[in-house]
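Undergrad: Provided below for reference: sequence and predicted model.
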Amino acid sequence: MKITRDSILGTTRSGKPVERYLLEGGGLRAAVLTYGGALQSLWAPDRQGRLRDIVLGCDTVADYQAQDKFLGALIGRYANRIGRGRFVLDGEEYALCCNDGRNHLHGGKKGFDKRIWASEIQADGLHLRLTSPAGEEGYPGTLKAEVAYALADGALTIDYWAQADGDTLCNLTNHTYFNLAGHGSGDILAQEIRIEADAFTPADAESIPHGAIAPVERTPMDLRKLIPIGAHIDDDFEPLRFAGGYDHNWVLRGIPGVLRPAAAARCAESGITLACETTQPGIQFYAGNFLDGTTNGKGGVKYQRRSGFCLETQAFPNSVNCPEYPQAILRAGDVYRHRTVYHFGVE
């Protein structure tokens, strides 16, 4: 794998420089930014051997700061939602920033997606580091997070580590939008998806689960076989009506902490395939329902509704308020560690 510091992409509104790194290896190329740790581009070969950039992103720092869709970003301290922005840990109640109506989303008003990460090229990948002080966005404990991007054998691997000096929550993920036909090619409804899950976590009209786990069988949430994303996305089914389409957490088969299959996707037009593995207990499959044409994408593209899909490996949304779910509590001195791998191929 070859990693080079490509350029200073620009500066933030506060004058901080944003670096861009290029990664090459295993037949893939990627661009990663220190702003939000964002995966800006990922080039994979199609069936003709031509490289296509298959992730949504922006060309400038100003466009990244203007958008609110979390394009390609690292998410923390807690991915997804926490109901009412409140939780109790060890008998003490904490109030978080509510940046999604009455709820806390993706780490708050200034989550990890809006921070400048320190960067270092190492033999095993591009390492990004961030310290979140105690009290930031309302979280207890100072958290030190580290994420590594690596390319090898046709796969993008993202490794996550974290430690804290006090008990806290930790649920890190990446919010890349994939379009296997190319980032500016239109919607993803004809592309196919499979999720290795027999159940999902139903949520209310504010996308907050409350402890239930429901079987996918005989519902539009049954994605256990490859099926076009658009086949049932608008079915008259309450969870889909609430979310405007697919934007839900699936309960992955297998043992959390063990790397195992999570999802797969393919595009008939390009021939590009994707297979996702993770150590996390859940995966949020989001079909870009809230992309609305206001985001300035790469090359002047305006990303329209459902022009990309996300496979966000994670702990369950609102798990800290649902004792029925696996917990995302990080105890002082313990090590948080997870891995997600995206494999790419052609057929």
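TA: Happy to help now that I have it. Residues are numbered from 1 along each chain as shown.
Undergrad: Which parts of the chain are helices?
TA: Secondary structure of the chain, counting by DSSP state H: helices at 61-66, 238-243.
Undergrad: Is there a neighbour count for residue 49? I'd like the number.
TA: 8 (other CB atoms under 10 Å). C-beta: built from backbone N, CA, C; applies to glycine.
Undergrad: typo on my end, it should be residue 245
TA: Neighbours around residue 245, by other CB under 10 Å: 24.
Undergrad: related to what we said a few turns ago, including mean pLDDT, could the helices of the chain go into a markdown table?
TA: Below are the helices of the chain laid out as a markdown table (pLDDT from 0 to 100):
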| stretch | mean pLDDT |
| --- | --- |
| helix 61-66 | 98 |
| helix 238-243 | 98 |
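Undergrad: Quick check: which of those helices is nearest to residue 168?
TA: Of all the helices of the chain, helix 61-66 sits nearest to residue 168, with 26.9 Å by CB to CB.
Undergrad: hey, C-alpha coordinates of that closest one in PDB?
TA: C-alpha atoms of helix 61-66 as PDB (Å, rounded to 0.1, in the frame of the first residue of the first chain):
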ATOM      1  CA  VAL A  61     -13.600  22.400   2.500                       C
ATOM      2  CA  ALA A  62     -16.300  25.100   2.200                       C
ATOM      3  CA  ASP A  63     -18.700  22.600   0.700                       C
ATOM      4  CA  TYR A  64     -18.000  20.000   3.400                       C
ATOM      5  CA  GLN A  65     -18.700  22.600   6.100                       C
ATOM      6  CA  ALA A  66     -21.900  23.700   4.300                       C
END
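Undergrad: buried residues in it?
TA: Buried residues in helix 61-66, defined by neighbour count with 16 or more other CB atoms under 10 Å: 61, 63, 64, 65.
Undergrad: Of the residues you listed, which is the nearest to residue 31?
TA: residue 64 (12.5 Å).
Undergrad: Leaving out chain neighbours, which residue sits closest to that closest one?
TA: residue 58 (4.9 Å; CB to CB, 6 or more residues apart in numbering).
Undergrad: Repeat that for residue 63.
TA: residue 296 (4.3 Å).
Undergrad: Run through the bridge partners of the one you found.
TA: residue 302 (DSSP bridges).
Undergrad: residues near it, how many?
TA: Look at residue 296: counted by other CB under 10 Å, it has 17 neighbours.
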